[in-house]
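[1] fold the stuff below for me.
(chains A and B)
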Number of protein chains: 2
Amino acid sequence: MTPTLHGYWRSTAAYRVRIALALKRVDYTQVTHDLRTGAHREPGFRALNPQALVPALETDDAVLTQSPSILEWIDETYPDPPLLPADAQGRAVVRAMAATIACDIHPVNNLRILNALRSEFGADDAAVNRWIARWIGEGFAALEVMIARHGSRFAFGATPTIADCHLVPQVYSAERFGVDLTPYPHLKAAADTARALPAFAAAHPDRQPDADRP
Amino acid sequence: MTPTLHGYWRSTAAYRVRIALALKRVDYTQVTHDLRTGAHREPGFRALNPQALVPALETDDAVLTQSPSILEWIDETYPDPPLLPADAQGRAVVRAMAATIACDIHPVNNLRILNALRSEFGADDAAVNRWIARWIGEGFAALEVMIARHGSRFAFGATPTIADCHLVPQVYSAERFGVDLTPYPHLKAAADTARALPAFAAAHPDRQPDADRP
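    Down below sits the predicted model:
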(Lines give C-alpha, C1' and ligand atoms only; values in the text may rest on other atoms or scores of the structure.)
Protein backbone atom coordinates (compact mmCIF):
# COMPACT_ATOMS: atom_id res chain seq x y z
CA MET A 1 0.00 0.00 0.00
CA THR A 2 1.24 3.52 -0.67
CA PRO A 3 2.02 5.48 2.50
CA THR A 4 -0.34 8.16 3.78
CA LEU A 5 1.06 11.54 4.79
CA HIS A 6 -0.91 13.31 7.48
CA GLY A 7 -0.01 16.93 6.93
CA TYR A 8 -1.13 20.44 6.22
CA TRP A 9 -0.23 22.51 3.20
CA ARG A 10 1.46 25.34 5.11
CA SER A 11 3.22 23.18 7.75
CA THR A 12 6.90 23.53 6.94
CA ALA A 13 7.61 20.23 8.73
CA ALA A 14 5.14 18.41 6.43
CA TYR A 15 6.68 20.27 3.47
CA ARG A 16 10.08 18.67 4.34
CA VAL A 17 8.54 15.20 4.11
CA ARG A 18 6.77 16.00 0.83
CA ILE A 19 10.12 17.06 -0.67
CA ALA A 20 11.87 13.86 0.44
CA LEU A 21 9.09 11.63 -0.88
CA ALA A 22 9.15 13.50 -4.20
CA LEU A 23 12.95 13.25 -4.49
CA LYS A 24 12.64 9.48 -3.93
CA ARG A 25 9.71 9.23 -6.37
CA VAL A 26 7.48 7.58 -3.73
CA ASP A 27 3.74 7.72 -4.39
CA TYR A 28 1.66 8.67 -1.37
CA THR A 29 -1.79 9.76 -0.29
CA GLN A 30 -2.38 12.97 1.65
CA VAL A 31 -4.72 13.51 4.59
CA THR A 32 -5.00 17.11 5.74
CA HIS A 33 -5.44 18.37 9.31
CA ASP A 34 -6.28 22.08 9.44
CA LEU A 35 -3.96 23.52 12.09
CA ARG A 36 -5.93 26.79 12.15
CA THR A 37 -9.09 25.08 13.41
CA GLY A 38 -7.25 22.62 15.69
CA ALA A 39 -8.35 19.62 13.60
CA HIS A 40 -5.04 17.90 14.41
CA ARG A 41 -6.03 17.71 18.08
CA GLU A 42 -9.08 15.50 17.42
CA PRO A 43 -9.05 12.08 19.15
CA GLY A 44 -8.89 10.09 15.90
CA PHE A 45 -5.58 11.64 14.91
CA ARG A 46 -4.22 11.59 18.47
CA ALA A 47 -4.81 7.81 18.51
CA LEU A 48 -2.48 7.59 15.49
CA ASN A 49 0.04 10.14 16.76
CA PRO A 50 0.09 10.73 20.53
CA GLN A 51 1.71 14.12 20.03
CA ALA A 52 -1.13 15.19 17.69
CA LEU A 53 1.26 17.17 15.48
CA VAL A 54 1.76 16.99 11.73
CA PRO A 55 3.45 15.44 9.87
CA ALA A 56 2.87 11.75 10.50
CA LEU A 57 3.58 9.10 7.87
CA GLU A 58 1.30 6.09 8.01
CA THR A 59 2.76 2.94 6.49
CA ASP A 60 1.49 -0.65 6.44
CA ASP A 61 3.28 -1.35 9.72
CA ALA A 62 3.50 1.86 11.71
CA VAL A 63 2.73 5.53 12.08
CA LEU A 64 6.00 7.45 11.91
CA THR A 65 6.22 10.86 13.55
CA GLN A 66 8.63 13.81 13.81
CA SER A 67 9.88 14.98 10.42
CA PRO A 68 13.65 14.60 11.11
CA SER A 69 13.00 10.96 12.03
CA ILE A 70 10.68 10.44 9.04
CA LEU A 71 13.34 11.82 6.67
CA GLU A 72 15.92 9.36 8.04
CA TRP A 73 13.42 6.50 7.61
CA ILE A 74 12.66 7.55 4.03
CA ASP A 75 16.37 7.71 3.22
CA GLU A 76 16.95 4.24 4.70
CA THR A 77 13.87 2.66 3.11
CA TYR A 78 14.23 4.19 -0.36
CA PRO A 79 18.00 4.50 -0.82
CA ASP A 80 17.98 6.12 -4.27
CA PRO A 81 18.91 8.95 -4.57
CA PRO A 82 20.71 9.20 -1.21
CA LEU A 83 19.85 12.26 0.89
CA LEU A 84 22.89 11.94 3.18
CA PRO A 85 26.61 12.00 2.27
CA ALA A 86 28.54 8.73 2.20
CA ASP A 87 30.96 9.66 5.01
CA ALA A 88 30.20 10.08 8.71
CA GLN A 89 31.64 13.59 8.91
CA GLY A 90 29.59 14.79 5.95
CA ARG A 91 26.48 13.23 7.45
CA ALA A 92 27.20 15.05 10.70
CA VAL A 93 27.40 18.41 8.91
CA VAL A 94 24.18 17.80 6.96
CA ARG A 95 22.33 16.66 10.07
CA ALA A 96 23.63 19.70 11.98
CA MET A 97 22.33 22.02 9.24
CA ALA A 98 18.97 20.25 9.39
CA ALA A 99 18.88 20.43 13.20
CA THR A 100 19.68 24.15 13.17
CA ILE A 101 16.34 24.56 11.40
CA ALA A 102 14.43 21.64 12.99
CA CYS A 103 15.50 22.40 16.57
CA ASP A 104 16.45 26.06 16.78
CA ILE A 105 14.30 27.94 14.26
CA HIS A 106 11.10 26.09 13.46
CA PRO A 107 9.92 24.95 16.94
CA VAL A 108 10.15 28.39 18.53
CA ASN A 109 8.21 29.93 15.62
CA ASN A 110 5.47 27.39 15.05
CA LEU A 111 1.81 28.14 15.45
CA ARG A 112 1.34 26.68 18.95
CA ILE A 113 4.17 28.88 20.29
CA LEU A 114 2.97 32.04 18.51
CA ASN A 115 -0.53 31.40 19.89
CA ALA A 116 0.94 31.02 23.37
CA LEU A 117 2.83 34.32 23.04
CA ARG A 118 -0.47 36.00 22.20
CA SER A 119 -2.52 34.35 24.94
CA GLU A 120 0.08 34.31 27.74
CA PHE A 121 1.86 37.58 27.12
CA GLY A 122 -0.55 39.60 24.99
CA ALA A 123 1.88 39.72 22.07
CA ASP A 124 0.48 41.69 19.12
CA ASP A 125 1.24 41.11 15.43
CA ALA A 126 4.28 43.38 15.49
CA ALA A 127 5.77 41.58 18.50
CA VAL A 128 5.07 38.17 16.96
CA ASN A 129 6.74 39.22 13.72
CA ARG A 130 9.80 40.50 15.60
CA TRP A 131 9.96 37.17 17.47
CA ILE A 132 9.81 35.18 14.22
CA ALA A 133 12.42 37.33 12.47
CA ARG A 134 14.81 37.12 15.42
CA TRP A 135 15.10 33.32 15.51
CA ILE A 136 15.16 32.98 11.73
CA GLY A 137 17.93 35.59 11.66
CA GLU A 138 20.07 33.89 14.33
CA GLY A 139 19.71 30.48 12.69
CA PHE A 140 20.23 31.72 9.14
CA ALA A 141 23.37 33.66 10.14
CA ALA A 142 24.92 30.38 11.34
CA LEU A 143 23.64 28.44 8.32
CA GLU A 144 25.09 31.05 5.96
CA VAL A 145 28.58 30.31 7.34
CA MET A 146 28.02 26.55 7.16
CA ILE A 147 26.67 26.65 3.59
CA ALA A 148 29.48 28.97 2.44
CA ARG A 149 31.92 26.43 3.88
CA HIS A 150 30.31 23.16 2.77
CA GLY A 151 27.86 23.98 -0.02
CA SER A 152 28.39 23.79 -3.71
CA ARG A 153 25.18 24.07 -5.71
CA PHE A 154 23.15 22.80 -2.75
CA ALA A 155 23.48 23.40 0.99
CA PHE A 156 26.03 20.59 1.23
CA GLY A 157 27.83 19.59 -1.94
CA ALA A 158 26.39 19.17 -5.40
CA THR A 159 23.26 17.09 -4.76
CA PRO A 160 20.19 17.60 -2.54
CA THR A 161 20.36 16.33 1.03
CA ILE A 162 18.07 16.43 4.05
CA ALA A 163 19.62 19.86 4.71
CA ASP A 164 17.89 21.17 1.56
CA CYS A 165 14.65 19.36 2.58
CA HIS A 166 14.73 21.55 5.70
CA LEU A 167 16.11 24.72 4.12
CA VAL A 168 13.60 25.28 1.32
CA PRO A 169 10.53 25.16 3.65
CA GLN A 170 12.27 27.46 6.16
CA VAL A 171 13.07 29.96 3.39
CA TYR A 172 9.41 29.77 2.31
CA SER A 173 8.43 30.66 5.87
CA ALA A 174 11.00 33.48 6.07
CA GLU A 175 9.68 35.01 2.85
CA ARG A 176 6.10 34.63 4.05
CA PHE A 177 6.98 36.69 7.14
CA GLY A 178 8.96 39.27 5.17
CA VAL A 179 12.42 38.41 6.50
CA ASP A 180 15.18 40.06 4.45
CA LEU A 181 17.44 37.34 3.00
CA THR A 182 20.13 39.59 1.51
CA PRO A 183 22.51 38.95 4.48
CA TYR A 184 22.53 35.24 3.56
CA PRO A 185 23.62 35.01 -0.10
CA HIS A 186 24.99 31.45 -0.01
CA LEU A 187 21.90 30.20 1.82
CA LYS A 188 19.59 31.99 -0.63
CA ALA A 189 21.47 30.65 -3.65
CA ALA A 190 21.30 27.07 -2.33
CA ALA A 191 17.56 27.40 -1.66
CA ASP A 192 17.00 28.85 -5.15
CA THR A 193 18.89 25.97 -6.78
CA ALA A 194 16.89 23.40 -4.83
CA ARG A 195 13.46 24.90 -5.32
CA ALA A 196 13.94 25.07 -9.05
CA LEU A 197 13.97 21.25 -9.14
CA PRO A 198 10.64 19.59 -10.01
CA ALA A 199 10.58 17.51 -6.80
CA PHE A 200 10.89 20.61 -4.62
CA ALA A 201 8.39 22.54 -6.75
CA ALA A 202 5.80 19.75 -6.52
CA ALA A 203 6.05 19.84 -2.72
CA HIS A 204 5.37 23.58 -2.46
CA PRO A 205 2.45 24.48 -0.17
CA ASP A 206 0.51 26.28 -2.90
CA ARG A 207 0.47 23.13 -5.02
CA GLN A 208 -1.13 20.93 -2.34
CA PRO A 209 -4.77 19.82 -2.58
CA ASP A 210 -5.69 21.46 0.75
CA ALA A 211 -4.13 24.88 -0.06
CA ASP A 212 -6.25 28.01 0.27
CA ARG A 213 -7.52 29.06 -3.15
CA PRO A 214 -7.43 32.76 -4.00
CA MET B 1 43.77 12.74 19.90
CA THR B 2 40.84 12.47 22.26
CA PRO B 3 37.86 14.62 21.26
CA THR B 4 37.09 17.86 23.10
CA LEU B 5 33.54 18.53 24.23
CA HIS B 6 32.62 22.20 24.38
CA GLY B 7 29.77 22.25 26.88
CA TYR B 8 28.35 23.54 30.09
CA TRP B 9 27.45 21.46 33.11
CA ARG B 10 23.76 22.40 33.18
CA SER B 11 23.15 22.38 29.40
CA THR B 12 20.87 19.41 28.83
CA ALA B 13 22.01 19.20 25.20
CA ALA B 14 25.65 18.83 26.34
CA TYR B 15 24.45 16.30 28.94
CA ARG B 16 23.07 14.11 26.10
CA VAL B 17 26.50 14.02 24.46
CA ARG B 18 28.26 13.25 27.75
CA ILE B 19 25.94 10.25 28.22
CA ALA B 20 26.60 8.91 24.72
CA LEU B 21 30.38 9.28 25.08
CA ALA B 22 30.25 7.52 28.46
CA LEU B 23 28.11 4.67 27.11
CA LYS B 24 30.66 4.19 24.31
CA ARG B 25 33.58 4.48 26.77
CA VAL B 26 35.17 7.30 24.74
CA ASP B 27 37.71 9.44 26.61
CA TYR B 28 37.31 13.16 26.04
CA THR B 29 38.38 16.56 27.31
CA GLN B 30 35.87 19.18 28.45
CA VAL B 31 35.95 22.91 27.76
CA THR B 32 33.27 24.89 29.54
CA HIS B 33 31.41 27.97 28.25
CA ASP B 34 29.37 29.67 30.97
CA LEU B 35 25.95 30.28 29.41
CA ARG B 36 24.98 32.60 32.28
CA THR B 37 27.71 35.12 31.44
CA GLY B 38 27.38 34.71 27.66
CA ALA B 39 30.89 33.20 27.37
CA HIS B 40 29.64 31.01 24.51
CA ARG B 41 29.10 34.11 22.35
CA GLU B 42 32.77 35.11 22.37
CA PRO B 43 34.46 35.29 18.94
CA GLY B 44 36.87 32.44 19.63
CA PHE B 45 34.06 29.94 20.14
CA ARG B 46 31.96 31.40 17.32
CA ALA B 47 34.89 30.75 14.95
CA LEU B 48 34.65 27.07 15.92
CA ASN B 49 30.82 26.93 15.92
CA PRO B 50 29.05 29.62 13.87
CA GLN B 51 25.88 29.12 15.91
CA ALA B 52 27.81 29.78 19.16
CA LEU B 53 25.74 27.22 21.07
CA VAL B 54 26.88 24.30 23.17
CA PRO B 55 27.53 21.45 22.73
CA ALA B 56 30.19 21.22 20.03
CA LEU B 57 32.48 18.22 19.69
CA GLU B 58 35.94 19.01 18.38
CA THR B 59 37.69 16.09 16.71
CA ASP B 60 40.97 15.92 14.77
CA ASP B 61 39.13 16.71 11.54
CA ALA B 62 36.09 18.81 12.35
CA VAL B 63 33.95 20.62 14.86
CA LEU B 64 30.61 18.84 15.09
CA THR B 65 27.55 20.75 16.26
CA GLN B 66 23.92 20.12 17.22
CA SER B 67 23.54 17.32 19.75
CA PRO B 68 21.15 15.11 17.70
CA SER B 69 23.70 15.13 14.89
CA ILE B 70 26.61 14.56 17.28
CA LEU B 71 24.83 11.53 18.79
CA GLU B 72 24.37 10.00 15.34
CA TRP B 73 28.05 10.60 14.57
CA ILE B 74 29.11 9.01 17.86
CA ASP B 75 26.93 5.98 17.16
CA GLU B 76 28.38 5.59 13.65
CA THR B 77 32.00 6.17 14.72
CA TYR B 78 31.97 4.03 17.87
CA PRO B 79 29.51 1.23 17.02
CA ASP B 80 29.67 -0.62 20.33
CA PRO B 81 27.25 -0.66 22.10
CA PRO B 82 24.72 0.45 19.46
CA LEU B 83 22.43 3.32 20.49
CA LEU B 84 19.90 2.72 17.71
CA PRO B 85 17.81 -0.42 17.00
CA ALA B 86 18.83 -2.72 14.15
CA ASP B 87 15.64 -2.21 12.09
CA ALA B 88 14.51 0.95 10.26
CA GLN B 89 11.12 1.07 11.98
CA GLY B 90 12.68 0.81 15.44
CA ARG B 91 15.19 3.50 14.54
CA ALA B 92 12.32 5.73 13.41
CA VAL B 93 10.57 5.33 16.77
CA VAL B 94 13.73 6.03 18.77
CA ARG B 95 14.57 9.08 16.64
CA ALA B 96 10.99 10.34 17.01
CA MET B 97 11.22 10.02 20.81
CA ALA B 98 14.51 11.92 20.72
CA ALA B 99 13.09 14.61 18.43
CA THR B 100 10.05 15.09 20.67
CA ILE B 101 12.54 16.29 23.27
CA ALA B 102 15.17 17.84 20.97
CA CYS B 103 12.69 19.74 18.79
CA ASP B 104 9.51 20.27 20.79
CA ILE B 105 10.51 20.57 24.45
CA HIS B 106 14.10 21.68 24.86
CA PRO B 107 14.38 24.52 22.28
CA VAL B 108 11.31 26.39 23.50
CA ASN B 109 12.54 26.18 27.10
CA ASN B 110 16.22 26.95 26.74
CA LEU B 111 17.90 29.94 28.30
CA ARG B 112 17.94 32.21 25.23
CA ILE B 113 14.16 31.81 24.84
CA LEU B 114 13.42 32.32 28.54
CA ASN B 115 15.59 35.45 28.49
CA ALA B 116 13.66 36.69 25.45
CA LEU B 117 10.32 36.10 27.21
CA ARG B 118 11.57 38.27 30.07
CA SER B 119 13.05 41.04 27.92
CA GLU B 120 10.39 41.16 25.16
CA PHE B 121 7.25 40.44 27.13
CA GLY B 122 8.19 41.22 30.72
CA ALA B 123 7.59 37.63 31.82
CA ASP B 124 8.19 37.15 35.56
CA ASP B 125 9.44 33.99 37.28
CA ALA B 126 5.93 32.57 37.67
CA ALA B 127 5.13 33.09 33.99
CA VAL B 128 8.45 31.57 32.93
CA ASN B 129 7.84 28.54 35.13
CA ARG B 130 4.33 28.08 33.66
CA TRP B 131 5.83 28.30 30.16
CA ILE B 132 8.46 25.65 30.98
CA ALA B 133 5.95 23.30 32.60
CA ARG B 134 3.51 23.59 29.71
CA TRP B 135 5.90 22.38 26.99
CA ILE B 136 7.43 19.70 29.16
CA GLY B 137 3.91 18.50 29.98
CA GLU B 138 2.74 18.36 26.36
CA GLY B 139 5.88 16.54 25.23
CA PHE B 140 5.99 14.13 28.18
CA ALA B 141 2.30 13.22 27.71
CA ALA B 142 3.11 12.05 24.17
CA LEU B 143 6.33 10.33 25.27
CA GLU B 144 4.47 8.49 28.03
CA VAL B 145 2.26 6.83 25.38
CA MET B 146 5.25 6.02 23.16
CA ILE B 147 7.32 4.57 26.02
CA ALA B 148 4.36 2.54 27.32
CA ARG B 149 4.03 1.11 23.80
CA HIS B 150 7.68 0.54 22.88
CA GLY B 151 9.66 0.57 26.11
CA SER B 152 10.78 -2.34 28.18
CA ARG B 153 13.35 -1.41 30.81
CA PHE B 154 14.47 1.60 28.78
CA ALA B 155 12.50 4.08 26.65
CA PHE B 156 12.71 1.70 23.68
CA GLY B 157 13.36 -1.94 24.40
CA ALA B 158 15.80 -3.44 26.88
CA THR B 159 18.98 -1.45 26.17
CA PRO B 160 19.81 2.28 26.19
CA THR B 161 19.30 4.22 22.96
CA ILE B 162 19.60 7.84 21.90
CA ALA B 163 16.05 8.20 23.25
CA ASP B 164 17.39 7.62 26.78
CA CYS B 165 20.31 9.99 26.07
CA HIS B 166 17.66 12.68 25.50
CA LEU B 167 15.19 11.57 28.18
CA VAL B 168 17.42 11.57 31.25
CA PRO B 169 18.61 15.18 30.77
CA GLN B 170 15.05 16.34 30.08
CA VAL B 171 13.82 14.64 33.27
CA TYR B 172 16.67 16.34 35.15
CA SER B 173 15.42 19.67 33.80
CA ALA B 174 11.78 18.84 34.66
CA GLU B 175 12.73 18.01 38.24
CA ARG B 176 14.84 21.15 38.49
CA PHE B 177 11.78 23.22 37.57
CA GLY B 178 9.46 21.27 39.88
CA VAL B 179 7.36 19.57 37.19
CA ASP B 180 5.21 16.76 38.65
CA LEU B 181 6.14 13.49 36.92
CA THR B 182 3.43 11.27 38.43
CA PRO B 183 1.29 11.49 35.23
CA TYR B 184 4.13 9.80 33.32
CA PRO B 185 4.89 6.52 35.14
CA HIS B 186 6.42 4.65 32.18
CA LEU B 187 8.58 7.62 31.28
CA LYS B 188 9.72 8.06 34.88
CA ALA B 189 10.52 4.34 35.26
CA ALA B 190 12.59 4.34 32.05
CA ALA B 191 14.51 7.43 33.19
CA ASP B 192 15.13 5.86 36.61
CA THR B 193 16.46 2.67 35.04
CA ALA B 194 18.79 4.62 32.76
CA ARG B 195 20.14 7.07 35.31
CA ALA B 196 21.05 4.24 37.67
CA LEU B 197 23.67 3.10 35.14
CA PRO B 198 27.24 4.30 35.79
CA ALA B 199 27.55 5.94 32.33
CA PHE B 200 24.45 8.06 32.90
CA ALA B 201 25.49 8.87 36.47
CA ALA B 202 28.96 10.01 35.35
CA ALA B 203 27.38 12.42 32.88
CA HIS B 204 25.17 14.13 35.50
CA PRO B 205 25.61 17.92 35.66
CA ASP B 206 26.59 17.90 39.33
CA ARG B 207 29.53 15.61 38.59
CA GLN B 208 31.09 17.89 35.93
CA PRO B 209 34.26 19.88 36.65
CA ASP B 210 32.53 23.23 35.94
CA ALA B 211 29.50 22.58 38.20
CA ASP B 212 28.60 25.13 40.87
CA ARG B 213 29.93 23.99 44.23
CA PRO B 214 27.68 24.41 47.26
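[2] which helices and strands does the top helix by length along chain A pack with?
    Secondary structure assigned by DSSP state H gives helix A:125-150 as the longest helix of chain A. Taking 3 or more Cβ pairs under 8 Å, 6 or more residues apart in numbering or on different chains; DSSP states H and E as the contact definition, the neighbouring helices and strands of helix A:125-150 are helix A:88-102, helix A:106-109, helix A:111-121, helix A:162-176, helix A:185-195, helix B:111-121. Quick note: C-beta positions are derived from backbone N, CA and C, even for glycine.
[3] quick one: low-confidence parts of chain A?
    Segments of chain A classed as low confidence (criterion: pLDDT under 70) are not present in this model.
[4] how much space between the residue lying farthest from the centre of it and B:Ile132?
    Distance from the C-alpha centroid of chain A, by Cα atoms, centre = their mean, peaks at A:Gly122 (27.9 Å). In this structure, A:Gly122 and B:Ile132 are separated by 19 Å, where distance is defined by Cβ to Cβ, to the nearest Å.
[5] so what's the residue lying closest to A:Thr77 once chain neighbours are set aside up against?
    Once its chain neighbours are removed from consideration, A:Thr77 has its nearest residue in B:Ala88; the separation is 5.7 Å (Cβ to Cβ, 6 or more residues apart in numbering or on different chains). For B:Ala88, the contacting residues are A:Trp73, A:Glu76, A:Thr77, by Cβ atoms under 8 Å, 6 or more residues apart in numbering or on different chains.
[6] do the same with A:Leu143
    For A:Leu143, the contact set (Cβ under 8 Å, 6+ apart) comprises A:Met97, A:Thr100, A:Ile101, A:Ala155, A:Leu167, A:Tyr184, A:Leu187.
[7] quick check, nearest of the residues you listed to B:Ala39?
    Checking these against B:Ala39 with Cβ to Cβ, the nearest one is A:Thr100 at 20.8 Å.
[8] am I right that that closest one is in contact with A:Ile136?
    No. At 11.0 Å, A:Thr100 does not count as touching A:Ile136 under the criterion of Cβ atoms under 8 Å.
[9] more neighbours: the two, which one.
    Of the pair A:Thr100 and A:Ile136, A:Thr100 is the one with more neighbours under other Cβ atoms under 10 Å in any protein chain shown, namely 27 against 23.
[10] could you measure from the more buried one over to B:Glu175?
    To B:Glu175, A:Thr100 is 28 Å away according to Cβ to Cβ.
[11] now do A:Asp80
    For A:Asp80, the distance to B:Glu175 - Cβ to Cβ - is 46 Å.
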